[in-house]
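Colleague: Predicted structure and sequence below. I'll ask about it afterward.
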Amino acid sequence: MTTTILGVRHHGPGSARAVRSALERLEPDIVLIEGPPEADALVPLAAEPDMEPPVALLAHVPGDPSKAAFWPFAVFSPEWQAIRYAATADVEVRFCDLPAAHGLALDGGRSGEAETAVHADPIGALAEAAGYDDPERWWEDAVEHRTDGEAGHGSVFEVIAEAMTAVREGHVPDRHEARREAYMRRTLRQAVKDGFRNIAVVCGAWHVPALATLPRAADDDRLLKGMPKVKVEMTWVPWTHGRLAAWSGYGAGITSPGWYHHLFTAPDRPIERWLARAAAVLREEDLPVSSAHVIEAVRLADGLATLRDRPLAGLTEVSEAVRAVLCEGDELPADLVQRRMVVGERLGHVPDSTPMVPLQRHLRGEQRRVKLKPEALGRNHDLDLRKSLDLDRSRLLHRLGLIGVPWGTPRETRGKGTFKESWTLEWRPEFDVSLIEAAVWGITVEAAATARVCDLAEKGAPAHGASAHGASLHGSPAHGLPGVGLPAPAAGAHRVSLAELTALVEKCLLADLPDALPYVLGVIGDRAALDSDVGHLMAALPALVRAQRYGDVRGTPAAGLATIVDSLLTRICTGLPTAVTGLDDDPARQLVSQIDAVHSAVALLHDGHGEGGHGEGGHGSGHGGGHGGGQRTARGIGQGSPRGRWLATLRSVASRSDLPGVIEGRLVRILFDAQMADDVQVRMSRAMSLGHPPARAAAWVEGFLSGGGLLLVHDSRLLAAVDGWLTGLSPEAFVDVLPLLRRTFGAFAPPERRSIGERVRSGTAAARGGGDGGRGGTGDGADHDDERAAPAVRTVLEILGRA
Amino acid sequence: MTVLRPHAEDQYADELAILAKDDDRPRPPGWRLSPWAVTTYLLGDPDHPGGVITPKYIGPRRIVEVAVATLATDRALLLLGVPGTAKTWLSEHLAAAISGDSTLLVQGTAGTAEEAIRYGWNYARLLSEGPSRQALTPSPVMRAMAEGRLARVEELTRMPSDVQDALITVLSEKTLPIPELNEEVQAAKGFNVIATANDRDRGVNELSSALRRRFNTVVLPVPASAEEEVDIVSRRVAQLGRSLELPETPTGLEEIRRVVTVFRELRSGVTSDGRTKVKSPSGTLSTAEAISVVTSGIALAAHFGDGVLRPSDVAAGILGAVVQDPVSDRVVWQEYLEAVVREREDWRDFYRACRDAS
């Protein structure tokens, strides 16, 4: 009987190659592989043609979504090669690590090896002994780059075993590690007992010495006795290269899966092939890269390897060559190569016969919980979000939509009620496939949706990170040296716009994903900081403010939203003064509507939130348009409050003389409504005076009186101001402005015009705030009795939620 | 006579001698030192058996390795970077270590003529003797070719394009024809060119792609960590203060740290705690500029202030360095002031000083 122990580096392409050829040479009758034994039954699936790495073994505890562990495999993983060899050669495979049933029961989903690998990094110790500062490199030099004949491979495993014995000398494994190795030995003994003659063990190099000699079985049994256990189910799920680094099954994450994949698949001359591929990638982006470039890049990589005393150029040398020669020093295309090739995103695939993924199972459970059956026939549901069952249903449907399973489609029904939602539910068979694909995101619907949202938000991040980097390093992208201006679409292809991000925030709130929210908000903050177009920021703000308030309504805590809103407002306040000049008619009108939108959004913000909270929310400016501030400015609109800052910005902008008329008129009006402009009549005269061309004056009036004639009827202060200005005009000036006024007033509906006329005719006293003068009157010391009005005011405030 | 600034090969002659003595690795033809020894010379080695080798370039090791490997493959080396990232410094020391001679230098300006790359004539001799090798005035590049040394071209992108293109033959054919004499100068082994260029300036003459592809490009980064930059700035400020004979001021390390922080944050577009993104202004905000802001601040404090470096002394300098474009940079600066500086508790006085200055 022979037992061969092949110590590997997890996810090392060199190890994978060596394992494959060693197995082909040994022709064992059983292969033991480090991994959860519960997966033994799943091995045959690995041989199916539909199975395409990267895939992962997933262990989960049914009913407890917090407990799950993944064992990912790429095509260049030694374990995967061992599985594939065994599956094709029809050799039995047994996984020999501690069962996931114990692992998950012990530490709630995180296999303990992460810590073990840190406190006793065997590769690190060996690399240090060999004089390498980077363990990865040492392993690459010693094992991964040994592409020599098969004779070398057997000896490689012997050398590793020997070295590991030296490294482990004096090491006392902690409890968890001891148990794992005890279990490996037990599996080995069992295999011997079962009559296998030629046994091959594939495990992490670290464990080799522990398996080389078998102590008494009783010792191991004692170690393994009395471990907690949970019920565990296993399945295969598709995996991605990007997630190879984030896993919990084995010890070492890798950051360059694409490079490893290349090393494993390239038959020969890996450096030349890699650089030629990099050239092809750059050419796809229309960057001029010639064969001469590739030749020089190979030479530089080789030269660097010599200078660094390495036998063969590795990833660092090749990357330097790509940057210095192919990309001519530019970071942007170098990042592109990094993304496309070094990471090289790749999505695995599992056969249809794979057992159900926990996400499906979780969804079944959720469907039972919220009492919604998957039916192929479309059915309509009206949800009342005040009921907790309906709220849960709505959340589930929103979450499913986010992970690409649009089971429910929202229907347009309601008017304005935020408590009602209408859905059409229709289950289609392809949703099951989508669920399997979505399994990579998480094992519960909520976790998957959270991960998906973070990913969506991040999609913009790498590209914008790269461009920001490029900008800070090289000034403008067109800084004059050829070949540096990467075509914009390439860099910004996945870019998510600021508005889409804010929409994502709303979706997070609808789907109740509190964990995703801070992340999305962080991305928004970053993007807002770099966006120099105030228009974008202004477009994004109202949605965020809405989300902030809506979050309150739904009971979703929207922590962090306030901070983002505040910083966004700060940036708008700083940027607005430069954005208002040099505008044409249409952009100016557009900006006015944006200013209006921001203004009403700002009115929704609680003044001085963070300090005073609701404490001083007594003023009545909280309604939609923000006009008719019923209270004097001094209170509640301090310099520090958002509203105060916003109005201060508007005031400083309004005083400038180079604004388009429509904007200035609108700003003066806003300030007038906020009672921050005492000299409206002076401003009005100035705007209407002969110094301005008629078109501008007309635009000014249009801006000032926008919002319709009804306001003139009901806002006596406004009417008085206009009236005062008009009656103060000299006869000649009146004739001059008459056409302009006609243009504005002509746009009002006839009944409005009539009411305005009646209002004016009934005299100043009425205009000064008669009984129905409304909101504007309060501040002007109108003739009502405060005491008698108090209960009514209180009721109104309560309705507005401001009491 | 003491020169104001000795050449690198003279100033560090003893270190070069030590390295040459102990250097037993193979040397490329024409090289004074092996590539390994050149790397050691540039990066320093406190434990070298022959004596301490001081670091000449403080920065990532890979930069130096790529540069040396490039020169060893007989490709020309192009050092790119914003002003103040030690491009010239690195090229001078590379030439000193490899050829033992850093003086074969062509300074690129808008007025650089082709003679600076190829050759000129001594017209008195040309008229009296006719065209001959004696009447010919070789350029630094031509001499470097003949002697197998490194030629340095400073500010390559400032030269007119036609002068730049004179380098193409030199770099690809490694020969310089002299049609007047029906002769040519062929490069001896060891010849190579190190060029520097500023990649932040506008209005430079772009390199033609034919020339560009004859260079390996190394981009020199700005200092990696704040501590490193504070160290460089304060050391350099102290040196400058001495040579300008400014009155002694207490070292305002806190103020220097602040200037460096502001520069780094605006340059990198993110605050030092990594939490807030900020816009970057159009200026370069190099370490060199930080040095000059602090130096002028010290001058202000010494001559007009109370002798201590205060926020108000550096505020105006920072404003001048940041706001290069009066419109867009001002927005950037205001935003930075309001969103970042205002939030910092212990930066109150600085915030006020900046508000006053702008």
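Modeller: Good, I have the coordinates.
Colleague: quick check: mean pLDDT across stretch A:681-696?
Modeller: In this model, stretch A:681-696 carries a mean pLDDT of 73.
Colleague: same question, stretch A:209-224
Modeller: Averaging pLDDT residue by residue across stretch A:209-224 gives 82.
Colleague: Show me which residues of that stretch are buried.
Modeller: A:209-211, A:220, A:223-224 (16 or more other C-beta atoms under 10 Å in any protein chain shown). For the C-beta atoms, the positions are set from N, CA and C on the backbone; glycine is no exception.
Colleague: Can you list which of those are found in helices?
Modeller: A:209-211, A:220, A:223-224 (DSSP state H).
Colleague: Can I get these in CSV including distance to chain B?
Modeller: CSV is the format used below for these (distance: C-beta to the nearest C-beta, whole Å):
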residue, distance to chain B
A:Pro209, 35
A:Ala210, 38
A:Leu211, 40
A:Asp220, 48
A:Leu223, 45
A:Leu224, 46
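Colleague: Surely A:Ala69 is in a helix?
Modeller: No: assignment of A:Ala69 by DSSP: H, G, I helix; E, B strand; the rest coil gives strand, placing it outside any helix.
Colleague: on that earlier part again, please dump the ones in helices among the buried residues of stretch A:209-224 into CSV; it should also carry distance to A:Glu446 for every row.
Modeller: As requested, these are exported to CSV (distance: C-beta to C-beta, whole Å):
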residue, distance to A:Glu446
A:Pro209, 44
A:Ala210, 40
A:Leu211, 41
A:Asp220, 41
A:Leu223, 38
A:Leu224, 36
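Colleague: All the strands of the chain, in order from the start?
Modeller: Since no chain was named, I'll use chain A. A:2-8, A:30-33, A:55-61, A:64-73, A:92-95, A:198-204, A:233-238, A:379-384, A:408-410, A:420-425 (DSSP state E).
Colleague: if you could check chain B rather than the one you did, that'd help
Modeller: B:76-81, B:105-107, B:119-121, B:136-138, B:150-154, B:175-178, B:183-186, B:192-198, B:215-219.
Colleague: which residues are contacting the longest one?
Modeller: Think strand B:192-198. A:481, B:71, B:74-83, B:87-88, B:91, B:94-95, B:141, B:144, B:150-157, B:167, B:170-171, B:204, B:207, B:215 (C-beta atoms under 8 Å, 6 or more residues apart in numbering or on different chains).
Colleague: same thing with the last one?
Modeller: Counting by C-beta under 8 Å, 6+ apart, strand B:215-219 makes contact with A:296, A:300, A:323-325, A:327-331, A:473, B:63, B:66-67, B:70, B:75-81, B:171, B:195, B:199, B:207, all of which sit outside it.
Colleague: follow-up on the earlier one: A:Ala68: which of the strands of chain B is closest?
Modeller: Closest of those to A:Ala68 is strand B:215-219, at 43.9 Å (criterion: C-beta to C-beta).
Colleague: avg pLDDT for that closest one?
Modeller: 90.
Colleague: Just want the angle from that strand to strand B:76-81.
Modeller: Put simply, strand B:215-219 runs at 20 degrees to strand B:76-81, going by axes from the mean of the first three to the mean of the last three C-alpha atoms, to 10 degrees.
Colleague: buried stuff in strand B:215-219?
Modeller: Buried residues in strand B:215-219 (16+ other C-beta under 10 Å): B:215-219.
Colleague: The residue most central in space within chain B: what's it in contact with?
Modeller: The centroid of chain B falls nearest to B:Lys87 when counting by C-alpha atoms, centre = their mean (2.6 Å). Applying C-beta under 8 Å, 6+ apart to B:Lys87 gives the contacts B:79-81, B:196-198, B:220.
Colleague: domains in the chain, as residue ranges please.
Modeller: Because you didn't say which chain, this covers chain A. A:2-254, A:266-343, A:358-443, A:586-799 (automatic domain parsing).
Colleague: actually chain B
Modeller: Taken from automatic domain parsing, chain B resolves into B:8-219, B:226-357.
Colleague: the helices in the stretch 51-200 of chain A, which residues?
Modeller: A:78-89, A:100-107, A:113-119, A:122-129, A:135-139, A:150-168, A:175-193 (DSSP state H, counting those that start in this stretch).
Colleague: should've said the stretch 51-200 of chain B
Modeller: Under DSSP H, counting those that start in this stretch, the stretch 51-200 of chain B gives helices at B:61-72, B:87-99, B:123-129, B:140-147, B:161-173.
Colleague: mind giving me JSON lines with those helices and columns for mean pLDDT?
Modeller: As requested, the helices of the stretch 51-200 of chain B are exported to JSON lines (pLDDT from 0 to 100):
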{"stretch": "helix B:61-72", "mean pLDDT": "91"}
{"stretch": "helix B:87-99", "mean pLDDT": "92"}
{"stretch": "helix B:123-129", "mean pLDDT": "92"}
{"stretch": "helix B:140-147", "mean pLDDT": "94"}
{"stretch": "helix B:161-173", "mean pLDDT": "90"}
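Colleague: Including distance to B:Arg264, could these go into TSV?
Modeller: Putting these into TSV (distance: least, C-beta to C-beta, whole Å) gives the following:
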stretch	distance to B:Arg264
helix B:61-72	19
helix B:87-99	20
helix B:123-129	53
helix B:140-147	37
helix B:161-173	34
